[in-house]
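[1] Got a predicted structure plus its sequence, pasted below:
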Amino acid sequence: MPAEPLANVHEFTVSELSSSLKRTVEDTYGHVRVRGEISGFRGPHSSGHCYFALKDDSAKIEAVIWKFAHARMRFKPQEGLEVIATGKLTTYPGSSKYQIVIEQLEPAGVGALMALLEERKKKLAAEGLFDERRKQLLPWLPEVIGVVTSPTGAVIRDILHRLQDRFPRRVLVWPVKVQGEGSAEQVAAAIRGFNALPEGGRIPRPDLLIVARGGGSLEDLWSFNEEIVVRAAADSMIPLISAVGHETDVTLIDFAADKRAPTPTAAAEMAVPVRSELFTEVDGLARRSRMSWQRAQEGRRNELRAAARALPAAHELLAIPRQRLDSAAGALPRGLRANTHAHFRRFAATSARLTLRVLHGQVTHARLSLTTCGERLTNSARSLLHRRRERFAGLELRLKASRLANAQAQRQQIARDRERTHRLAERAHRALGTVLQRLDARVERSGKLLEALSYRSVLERGFALVRDAAGHPIHAAAAIGPSARLTVEFADGRVGATADADRPAAASQGQPPPKPAARETKSSAPRGTAKPIDQGSLF
């Protein structure tokens with residue numbers, strides 16, 4: 001026989017059922033750790049959230065990382081990487097599926113870290129960040145050394161002690177975290193901050209940078225394998241020494257730095273020479289210089305003595321010049337007299353040719369030349385003035401035509417802009433209407449959802465809501481005291497009621513109350529009133 005329909009089974013709406021399932025899943029799996037391989041990752045969405053899946057050999061689960069959690073993550077998700085995800089399970093009612101909301105992400109073991117390290121190394125090497133031609137030479141004796149490390153570790157003390165022993169220099173320490181969340185961002189910011197210091201500023205710009213950290217595991221040194229740190233080291237305009245870990249530890253910043261030191265102490269030794277050795281070398285060079293100078297002076301002195309022995313005596317060198325001087329001194333009076341007579345004859349001939357008539361002729365010729373030049377200058381000025389007037393007239397006509405054309409073009413541009421403004425206004429009006437329609441539809445859907453979730457729809461199906469004297473809903477009969485004032489709310493209104501004073505007190509202590517006799521039940525019901533079908537006593 002077919003089963004009778006269950007008339008009293010509660011009917012769920014789709015939204016109510018989805019909400020109930022969501023609460024059940026979240027309460028049961030509020031905090032889980034899942035190991036799997038990332039699949040379907042294509043980078044962050046335009047909103048900043050990440051959507052992908054975690055899978056193993058036989059199952060797959062959808063995963064999501066919200067924007068704020070992705071920004072805080074030390075390890076970023078990558079396609080094909082095996083990870084351990086920590087988060088909570090939830091459901092997505094829009095597609096009836098469950099998913100994990102990831103809050104933390106870490107690689108699954110050292111093998112995954114090494115695979116990620118090799119992949120990142122190949123990527124950065126392909127970009128040329130590890131090219132030897134990009135690296136700079138270290139300064140021989142830097143004045144200021146910048147150190148990027150933890151201010152509380154033993155590394156900075158070893159560096160300062162080694163610099164003090166070899167060659168004391170001014171050291172600027174930029175304190176950073178060298179391990180844990182946010183350490184990579186701090187190291188990169190320190191490198192870029194040193195490079196941003198101006199030359200000759202209040203804080204001196206370092207001539208050399210040292211990025212140092214003590215030894216540790218691969219996870220401890222992972223901050224120096226992050227892309228942000230490697231790119232900051234490669235972009236540094238100040239020569240940089242990488243001194244991360246011990247000699248056997250290798251990080252990606254070692255390939256991007258200008259020099260790699262096996263230990264922080266070795267980095268200090270690379271930064272400066274030994275001062276005592278420099279003094280010894282300078283003394284040796286000074287002695288060699290003095291000895292070379294003395295040998296050169298002695299050689300020149302010997303050469304001078306040899307040259308002096310080969311030269312003739314001074315009186316022999318001056319004998320012929322003295323004889324020539326005596327001959328010239330004897331001929332000098334005769335030459336002076338002959339020169340004076342020649343100049344006197346030339347002056348007499350010139351004075352004979354210089355008469356008044358010659359002067360008048362020269363003045364007349366000069367006056368005629370001046371008159372001719374004045375006429376030519378006047379004619380030239382008139383011709384130039386005429387040409388300039390004609391040129392200015394032509395320019396005036398061109399200027400008027402250009403002004404008219406420019407005004408016409410401006411009018412056409414204004415007309416086009418006015419038409420475009422009208423079109424944009426019409427589009428904005430239509431867009432505003434569309435937005436208002438969407439908002440009205442959204443408000444209508446919200447109203448329907450609110451109406452569907454309201455308890456009044458339950459009251460319309462024949463149920464009632466019992467409230468106490470203060471108006472609070474009552475969920476159990478044990479919460480009702482004797483003769484308590486109650487309010488029973490139906491779908492069409494409220495009715496006042498009083499609790500049964502004869503109810504045994506054992507009911508409030510968890511014991512089932514005795515069943516009332518049939519006679520008492522019949523007497524308690526008013527005569528002429530039919531008892532509702534399938535509705536028992538409220539109490």
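    Ah, there it is.

[2] SS state for Ile241?
    Secondary structure, DSSP: H, G, I helix; E, B strand; the rest coil: Ile241 is strand.

[3] all helices in the stretch 251-400 of the chain, in order from the N-terminus.
    For the stretch 251-400 of the chain, the helices defined by DSSP state H, counting those that start in this stretch cover 252-256, 264-271, 275-310, 314-353, 356-453.

[4] In the stretch 201-350 of the chain, where is pLDDT below threshold?
    For the stretch 201-350 of the chain, the stretches flagged by pLDDT under 70 are 315.

[5] Same question for the stretch 1-150 of the chain.
    In the stretch 1-150 of the chain (pLDDT under 70), the answer is 1-9, 109-112.

[6] try 90
    Within the stretch 1-150 of the chain, the ranges that satisfy pLDDT under 90 run 1-33, 35-49, 55-61, 67-84, 88-99, 103-121, 123, 132, 134, 140.

[7] Point out the most buried one among the helices of the stretch 251-400 of the chain.
    For the helices of the stretch 251-400 of the chain, average neighbour numbers computed from mean count of other C-beta atoms under 10 Å are highest in helix 252-256, which has a mean of 24. C-beta: built from backbone N, CA, C; applies to glycine.

[8] returning to what we had before: can you put the helices of the stretch 251-400 of the chain in TSV and add distance to Ser183?
    Formatted as TSV, the helices of the stretch 251-400 of the chain follow (distance: least, C-beta to C-beta, whole Å):
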stretch	distance to Ser183
helix 252-256	12
helix 264-271	17
helix 275-310	35
helix 314-353	87
helix 356-453	45
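
[9] Looking at these, spot the one closest to Leu163.
    helix 264-271 (5.2 Å; C-beta to C-beta).

[10] CA atoms only: put the closest one into CSV for me.
    Extracted in CSV, the C-alpha atoms of helix 264-271 (Å, rounded to 0.1, in the frame of the first residue of the first chain):
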residue,chain,number,x,y,z
PRO,A,264,78.7,37.6,7.4
THR,A,265,82.3,37.8,8.7
ALA,A,266,83.7,37.1,5.3
ALA,A,267,81.5,39.9,3.9
ALA,A,268,83.1,42.3,6.3
GLU,A,269,86.5,41.1,5.2
MET,A,270,85.5,41.7,1.5
ALA,A,271,84.2,45.2,2.3
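
[11] I'd like to know which elements it is packed against.
    Judged by 3 or more C-beta pairs under 8 Å, 6 or more residues apart in numbering; DSSP states H and E, the packing partners of helix 264-271 are helix 154-166, strand 208-213, strand 240-244.

[12] Which phi and psi values does Cys50 adopt?
    Backbone torsions of Cys50, given as degrees, to the nearest 10, read phi -120, psi 130.

[13] For Leu21, find the nearest of the helices of the stretch 251-400 of the chain.
    Among those, helix 356-453 comes nearest to Leu21, with 15.7 Å by C-beta to C-beta.

[14] Now do the strands in the stretch 51-200 of the chain.
    Assigned strands in the stretch 51-200 of the chain, in chain order: 60-65, 82-92, 97-107, 144-149, 170-175 (criterion: DSSP state E, counting those that start in this stretch).

[15] Which one of the ones you listed lies nearest to Arg205?
    strand 144-149 (7.1 Å).

[16] how about that closest one: buried residues?
    144-149 (16 or more other C-beta atoms under 10 Å).

[17] what helices or strands is it leaning on?
    Looks like strand 144-149 contacts helix 154-166, strand 170-175, helix 183-196, strand 208-213 (3+ C-beta pairs under 8 Å, 6+ apart).
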